[in-house]
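Student: Sequence and predicted structure below; questions after.
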Amino acid sequence: MKRAAVVLLLVFILSPALFADYPYGWGIGISGNAGLEGDSGSYGGAMSLKVPDIPIFWNVNAGYFRETADLHTINSFWVGIAGDWLFVHRKLVPDIGLHWYAGVGGWINHYTYIFSYHNNEKYTANSEGVGLRVPIGLSLQPSSSLEIFLQAIPSIGADFRFEGKMNDGHVWHPSGTKLKYTNSSVELGVRIWLHDSWDRYEEFF
């Protein structure tokens, strides 16, 4: 019974109908995102790349958030990479080229924290994050070469923190491992699809 359920699940996931309707070729895009970190959210941008015949959407991300208290401010910056496999992609409103999609992916981020104390002294610490994400979104394709997308990305992972100290030895950024869910975000972007540009020049390589 369990084996039959696994087979049915695989058939559902691997069904060609689920992968239809996405443009073919190289997909190159940019996007902006807003997340949960910091006092008033985090903000950043990304560049995305989709390579033909490889079912992964790659994102290179960077962003910023800020945390404040009575006597100090922490300005935080991150840069990272994410890869998403969109296993569902279906037409929602065919007449206008509107689709919906869902997927699963992973992310790796590097964080730099700059602690500014009331006397303007600055101290730096770092951490590395890794985790899973589940992009769910809408894709508007008014033509085969243009896509506009809006997606929510729930995420969970682990943050591996390195100790940060002030000159007097006070630890303001303790080392350790922490559960991380605050890098969940909403993303809005545009992607250009180059269908045959690469094929024209393959013979020269």
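Tutor: Perfect, thanks for sending it. Numbers count the residues shown, from 1 in each chain.
Student: just the strands in the protein please.
Tutor: 26-35, 42-50, 57-68, 72-93, 98-117, 122-133, 136-143, 146-153, 155-161, 164-165, 171-173, 176-180, 185-194 (DSSP state E).
Student: Does anything pack onto the longest one? Which helices or strands?
Tutor: Packing partners of strand 72-93 (3 or more C-beta pairs under 8 Å, 6 or more residues apart in numbering; DSSP states H and E): helix 16-19, strand 57-68, strand 98-117, strand 122-133. The way it works is simple: take the backbone N, C-alpha and C, and place the C-beta from them, glycine included.
Student: Check the first one too.
Tutor: Judged by 3+ C-beta pairs under 8 Å, 6+ apart, strand 26-35 is in contact with strand 42-50, strand 57-68, strand 146-153, strand 185-194.
Student: In TSV, list these along with mean pLDDT and distance to Gly169.
Tutor: TSV is the format used below for the helices and strands packed on strand 26-35 (pLDDT from 0 to 100; distance: least, C-beta to C-beta, whole Å):
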stretch	mean pLDDT	distance to Gly169
strand 42-50	96	30
strand 57-68	95	22
strand 146-153	97	39
strand 185-194	96	36
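Student: could those strands go into CSV alongside mean neighbour count and distance to Pro135?
Tutor: Formatted as CSV, the helices and strands packed on strand 26-35 follow (neighbours: other C-beta atoms under 10 Å; distance: least, C-beta to C-beta, whole Å):
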stretch, mean neighbour count, distance to Pro135
strand 42-50, 19, 11
strand 57-68, 18, 8
strand 146-153, 18, 5
strand 185-194, 18, 8
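Student: got a pLDDT number for the residue nearest the centre of the chain?
Tutor: What sits nearest the mean C-alpha location of the chain, by C-alpha atoms, centre = their mean, is Ala82, with 5.1 Å. Among the per-residue scores, Ala82 shows a pLDDT of 97.
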